[in-house]
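Asker: model this:
(2 chains)
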Protein chains: 2
Amino acid sequence: MQVVVDRYPTWGDVVQVDTWVSGSWKNGMRRDWLLRGCKTGEILTRASSVWVMMNKLTRRLSKIPEEVREEIGSYFVDSAPILEEDNRKLPKLDDNTADYIRSGLSPRWSDLDVNQHVNNVKYIGWILESAPQAILESHELSSLTLEYRRECGRDSVLQSLTAVSGADVDNLAHSGQVECKHLLRLEEGAEIVRGRTEWRPKPANNFDTVNQVPAVST
Amino acid sequence: MQVVVDRYPTWGDVVQVDTWVSGSWKNGMRRDWLLRGCKTGEILTRASSVWVMMNKLTRRLSKIPEEVREEIGSYFVDSAPILEEDNRKLPKLDDNTADYIRSGLSPRWSDLDVNQHVNNVKYIGWILESAPQAILESHELSSLTLEYRRECGRDSVLQSLTAVSGADVDNLAHSGQVECKHLLRLEEGAEIVRGRTEWRPKPANNFDTVNQVPAVST
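Answerer: Numbering: from 1, shown residues only, chains lettered A, B, ... in the order given. Modelled structure (predicted):
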């Protein structure tokens, strides 16, 4: 899955989300998303993902059965991917190559979807847990690539690993563009997801606005 | 804060949310919510909450300053609370009175609001973490009362305590109405929130529907 955030919407913006399925082949299909400002049409976010079928009994990848393809095929749209595929290989991080490791992460009840899986969006939260706080405070996510490798169930205990490249780790607040590599793995070692994130400095006045909020709920 | 769920909406339902501020007095104000089905008008959920002002420097409760009241007072609505106040005292749980304790809970980055506080809705997730799984699987939340007592920041480490009453803890799946008491506290002891939840058996065909979902995203 790849996500590129061109601009974050702000309070009061109205956003339009378009999504479609396309590029179906033997084992899977592609789903793209386009988020735009409703009034301006300005593109806010583009995303593209590949989905595969899994056999519920063997837990292995499966061809899309002919009867399923017949049922859903007419909804497929013939269009080019909204994002050019990022073919850069995602490396496998380990204890030596990671700069930050956060252990003991486990799914909360509300992280599970109807299949009793961790919802794939929740992985992003776990990745951020091992990203250094200095990046989260000074930068905003501009793009994200995730490669899902394994199911994660409700009793899994995970580790989140992050390596920072192209920036001085001790002086992140003053860096420009920052790139990180990530790995989520089970504590016993199996890979759940590999990822890459790119970060750009936050717009300058962002934190000032936040500090003007006068009241606090308890 | 009190929430009563009369019925959960299902996929495809369109919901209307009304909310208003009322009952302002010296230190605080009330905010109520009403969720209804758009087409039917059927009431789905009612909620009522009390908000107070805090002095950002002293971190203590404060009167609403006159200039703030003047600015927002015209938006206040004169109406009775949508929920009758639940005056039953919430007990303080401890290691002896709790049936279940879950330790080591800490905020994720996305749990924080613009004040760098844990968003008050996230507390519900933590409470559920110490509720026994048998309840989560067989029952649905029908009401919730929360009493916020202390701020929770991003470096806090919490414990979630739950006591089950009015049901056989070993045979919850076959209980009717279940009531729980809850406490979230810092690991060093200070109380963050007390709570009470009420649960009713899930509609019978719920889990069958879930099992019919054919495909899995990876």
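Asker: Can you give the domain ranges for chain A?
Answerer: A:1-85, A:88-202 (automatic domain parsing).
Asker: Point out where chain A drops to low pLDDT.
Answerer: Applying pLDDT under 70 to chain A flags residues A:24-26, A:169, A:173, A:205-218.
Asker: re the thing from before, can you say which of the domains of chain A is packed in most?
Answerer: domain A:88-202 (a mean of 17; mean count of other C-beta atoms under 10 Å in any protein chain shown). All C-beta atoms are positioned from the backbone trio N, CA, C, and that covers glycine.
Asker: right, quick check: that one against chain B, any contact?
Answerer: Yes: residues of domain A:88-202 are located near chain B by C-beta under 8 Å from any C-beta of the partner chain, namely A:104, A:108-110, A:114-115, A:117, A:120, A:125, A:128-129, A:136, A:148-149, A:151.
Asker: What about the residues you listed, which are in helices?
Answerer: A:Gly125, A:Leu128, A:Glu129, A:Leu136 (DSSP state H).
Asker: what sits against the residue lying closest to A:Met1 once chain neighbours are set aside?
Answerer: In space, and not counting its chain neighbours, A:Met1 is closest to A:Ser49: 4.1 Å by C-beta to C-beta, 6 or more residues apart in numbering or on different chains. A:Ser49 makes contact with A:Met1, A:Gln2, A:Arg30, A:Arg31, A:Asp32, according to C-beta atoms under 8 Å, 6 or more residues apart in numbering or on different chains.
Asker: what does A:Arg154 give?
Answerer: A:Pro107, A:Trp109, A:Asp111, A:Leu112, A:Gln116, A:Val118.
Asker: ok, the residues you listed vs chain B, which is closest?
Answerer: A:Trp109 (4.9 Å; C-beta to the nearest C-beta).
Asker: residue contacts, the nearest residue to that closest one once chain neighbours are set aside?
Answerer: When the adjacent residues along the chain are set aside, A:Trp109 lies closest to B:Leu128, with 4.9 Å between them (C-beta to C-beta, 6+ apart). B:Leu128 makes contact with A:Arg108, A:Trp109, A:Ser110, B:Leu136, according to C-beta under 8 Å, 6+ apart.
Asker: Please produce CSV containing those residues, extended by distance to A:Ser22.
Answerer: Below are the contacts of B:Leu128 laid out as CSV (distance: C-beta to C-beta, whole Å):
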residue, distance to A:Ser22
A:Arg108, 34
A:Trp109, 34
A:Ser110, 31
B:Leu136, 38
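Asker: which among those residues gets closest to B:Arg185?
Answerer: The shortest approach to B:Arg185 among these belongs to A:Arg108, at 18.0 Å (C-beta to C-beta).
Asker: thought that closest one was touching B:Ala131?
Answerer: No: using C-beta atoms under 8 Å, A:Arg108 makes no contact with B:Ala131, being 11.5 Å away.
Asker: Quick check: phi and psi on A:Glu71?
Answerer: phi -70, psi -40 (degrees, to the nearest 10).
Asker: Over to A:Val17?
Answerer: The phi/psi pair for A:Val17 (degrees, to the nearest 10) is phi -110, psi 120.
Asker: What's the separation between it and A:Arg150?
Answerer: 29 Å (C-beta to C-beta, to the nearest Å).
Asker: Could you do A:His139 as well?
Answerer: Counting by C-beta to C-beta, the gap from A:His139 to A:Arg150 is 29 Å.
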